[in-house]
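Dropping the sequence and predicted coords here.
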Amino acid sequence: MPTEIKCPNCGHQFEPNDAIREEVEKELRSKASDWQKKKNEEFQVKLEDERKRIQQTLEESIRKNVSSDFENKLRQLEQNNKDNEEKLKASRSKEAEYMRKEQELKNKEAEMEINIQKQLQTEREKLTVDIRKIEEQKIANKETEYQLRMKELEKQLDDQKKLADEMRRKAEQGSMQLQGEVQETALEEMLRTAFPFDLIAEVGKGVRGADCVQVVRNNFGQECGKIIYESKRTNAFAADWIEKLKADMRSQGAEIAVIVTKTMPKDMDGFGIKDGVWVCSFTEVKALAGVLRDGVVRVFNAAKNNENKGDKMTLLYGYLTSNEFAEQWKAIREGFMSMKLSIQKERDAMEKLWKAREKQLEKVLLNAAHVRGSIEGIAGMDSVDLNLLGSGNDDES
């Protein structure tokens, strides 16, 4: 049964259901509006702080990766930010207009006194829960929109970083290719200067094979073999270089393959052979090329000497058994015997001369001994030294 309320002034009784409901709705609407305004202010402060942080992060990233493309992207982001701010301002303006009209309505309705809050406590709580759910849904929608915007900005920033990394990688790749071509040219010039008799052939770009081929020639201009060179100037040594160069060595008919690299394999401190391929630095290649070239020439000469070995033995046997060889050897033997007889005659003559001089010397020594004995008998041994053979004792003659 509806509850009637009596006016304390005139005593009139009336049912307060509709009026109370409207008053409660007004009060709840007022509180909800205040709460919504407070949440909007907090959200605006958070949005402003986040916007400053994002802008600072973007500026730092753009400052590190300076390029015209980044500047254009920054201007685009700033323009998008300005557009969002304009949209936010328009939304705030509409919301402020709505709140102003709502405030005017509340001011008009606030003239009525509320004396029946206890009777509608249950309905008030229900309305409060519903309004809270509506506001929470609005805030959740705004936060979702904000998160999506943040994801969009992060996606744009990641795209810019990937673009910068790709540009840097292409620039480094171009620089490394240029450095490799410079080392190839220097290697060819060094080989031509160090080995002027050899043919240093450059392998054209895009052609399968090593960077250059050294055709080894001896002093007679004969081709003794080939040495192929692969020039690498990278920061890491790739194991597949060896297999590729070995395949090139077989296809080009080369005897030796050399990799001239800036970075040595992990298990090598200096130049050496790895899986059948020589590996060295650019500073070591000149000395290594000299040693390898000498080995190629020696192998060629050894193989050349072994060619037609049976025919050479037949020719040698024929020459040794020929009359020509017999006459030449006879002349050599006669010359040798003549020289031997001449030496023997000279030796006999010298020995005869030595014997005659030895007799003369003995005669002089004998006369000197007689003179020495006469003087010693007169003057004593210490007075005069007459020893012709040097210092001696009293027992010497």
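All right, it came through fine.

Please, where are all the helices along the stretch 151-300 of the chain?
When secondary structure is read from DSSP state H, counting those that start in this stretch, the stretch 151-300 of the chain shows helices at 240-252, 285-306.

Format the CA atom coordinates belonging to the longest one as CSV.
Right, the one you point to is helix 285-306. The C-alpha trace of helix 285-306 is given here as CSV (Å, rounded to 0.1, in the frame of the first residue of the first chain):
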residue,chain,number,x,y,z
VAL,A,285,99.9,-14.0,-48.4
LYS,A,286,103.1,-12.8,-50.1
ALA,A,287,105.5,-15.1,-48.2
LEU,A,288,103.0,-18.0,-48.4
ALA,A,289,102.5,-17.5,-52.2
GLY,A,290,106.3,-17.6,-52.7
VAL,A,291,106.6,-20.9,-50.8
LEU,A,292,103.7,-22.5,-52.6
ARG,A,293,104.8,-21.3,-56.0
ASP,A,294,108.3,-22.8,-55.4
GLY,A,295,106.7,-26.1,-54.5
VAL,A,296,104.6,-26.0,-57.7
VAL,A,297,107.8,-25.4,-59.8
ARG,A,298,109.6,-28.2,-58.0
VAL,A,299,106.8,-30.7,-58.6
PHE,A,300,106.7,-29.7,-62.3
ASN,A,301,110.4,-30.1,-62.7
ALA,A,302,110.4,-33.5,-61.0
ALA,A,303,107.5,-34.7,-63.2
LYS,A,304,109.3,-33.3,-66.3
ASN,A,305,112.5,-35.3,-65.4
ASN,A,306,110.5,-38.5,-65.1
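
List the buried residues for that helix?
Within helix 285-306, the residues scored as buried using 16 or more other CB atoms under 10 Å are 285, 288, 289, 292, 293, 295, 296, 297, 300. C-betas here are computed from N, CA, C, even on glycine.

repeat for the first one
Across helix 240-252, burial judged by 16+ other CB under 10 Å covers 241, 242, 244, 245, 248, 249, 252.

can I get the helices of the stretch 151-300 of the chain in TSV with distance to residue 88 and mean pLDDT?
Below are the helices of the stretch 151-300 of the chain laid out as TSV (distance: least, CB to CB, whole Å; pLDDT from 0 to 100):
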stretch	distance to residue 88	mean pLDDT
helix 240-252	58	87
helix 285-306	69	86
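
of the ones you listed, which approaches residue 193 most closely?
Ranking the helices of the stretch 151-300 of the chain by proximity to residue 193 (CB to CB) places helix 285-306 first, at 9.3 Å.

got any ranges where the stretch 1-150 of the chain has weak pLDDT?
Across the stretch 1-150 of the chain, the stretches falling below the confidence threshold (pLDDT under 70) are 1-9, 11-21, 24, 62, 65-68, 70-71, 111-115, 117.

what ranges do the strands span in it?
5-6, 13-14 (DSSP state E, counting those that start in this stretch).

now the stretch 251-397 of the chain
Using DSSP E, counting those that start in this stretch, the strands of the stretch 251-397 of the chain run over residues 256-261, 272-274, 277-280.

still on that earlier bit, just give me the closest of the buried residues of helix 240-252 to residue 43.
residue 241 (60.8 Å).

State the distance from the closest residue to the closest one other than its chain neighbours to residue 59.
Ranked by CB to CB, 6 or more residues apart in numbering and with sequence neighbours excluded, the top spatial neighbour of residue 241 is residue 259, at 5.9 Å. When distance is defined by CB to CB, to the nearest Å, residue 259 is 47 Å away from residue 59.

Looking at those two, which one has more neighbours?
Set side by side, residue 259 and residue 59 show unequal neighbour counts under other CB atoms under 10 Å, the larger going to residue 259 at 25 against 11.

Look up the residues forming beta bridges with that one.
Partner residues in beta bridges with residue 259, using DSSP bridges, are residue 230, residue 279.

shift numbering so it begins at 774
All set: I'll call the first residue 774, so the last point we hit is now residue 1032.

which residue is nearest the middle of this protein?
Centroid-nearest residue in the chain: residue 1008, 1.7 Å away (criterion: CA atoms, centre = their mean).

ok so, going back, which of the strands of the stretch 1024-1170 of the chain is buried the deepest?
strand 1029-1034 (a mean of 25; mean count of other CB atoms under 10 Å).

for that strand, what is the average pLDDT?
Rounded to a whole number, the mean pLDDT of strand 1029-1034 is 90.

Kindly calculate the angle that that strand makes with helix 1058-1079.
When axes from the mean of the first three to the mean of the last three CA atoms, to 10 degrees is applied, the directions of strand 1029-1034 and helix 1058-1079 differ by 180 degrees.

From the chain's centroid, how far away is strand 1029-1034?
Offset of strand 1029-1034 from its chain centre (CA atoms, centre = their mean, to the nearest Å): 18 Å.

what's that strand packed up against?
Applying 3 or more CB pairs under 8 Å, 6 or more residues apart in numbering; DSSP states H and E, one finds that strand 1029-1034 contacts strand 996-1005, helix 1013-1025, strand 1050-1053, helix 1058-1079.

One more pass at 10 Å, please.
With contacts taken as 3 or more CB pairs under 10 Å, 6 or more residues apart in numbering; DSSP states H and E, strand 1029-1034 sits against helix 894-967, strand 985-990, strand 996-1005, helix 1013-1025, strand 1045-1047, strand 1050-1053, helix 1058-1079.

could I get the ones you listed as JSON lines with distance to residue 812?
Compiled in JSON lines, those are given as follows (distance: least, CB to CB, whole Å):
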{"stretch": "helix 894-967", "distance to residue 812": "6"}
{"stretch": "strand 985-990", "distance to residue 812": "76"}
{"stretch": "strand 996-1005", "distance to residue 812": "65"}
{"stretch": "helix 1013-1025", "distance to residue 812": "63"}
{"stretch": "strand 1045-1047", "distance to residue 812": "71"}
{"stretch": "strand 1050-1053", "distance to residue 812": "71"}
{"stretch": "helix 1058-1079", "distance to residue 812": "75"}
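
Among these, which comes closest to residue 849?
Judged by CB to CB, the one of the helices and strands packed on strand 1029-1034 that comes nearest to residue 849 is helix 894-967, at 8.5 Å.
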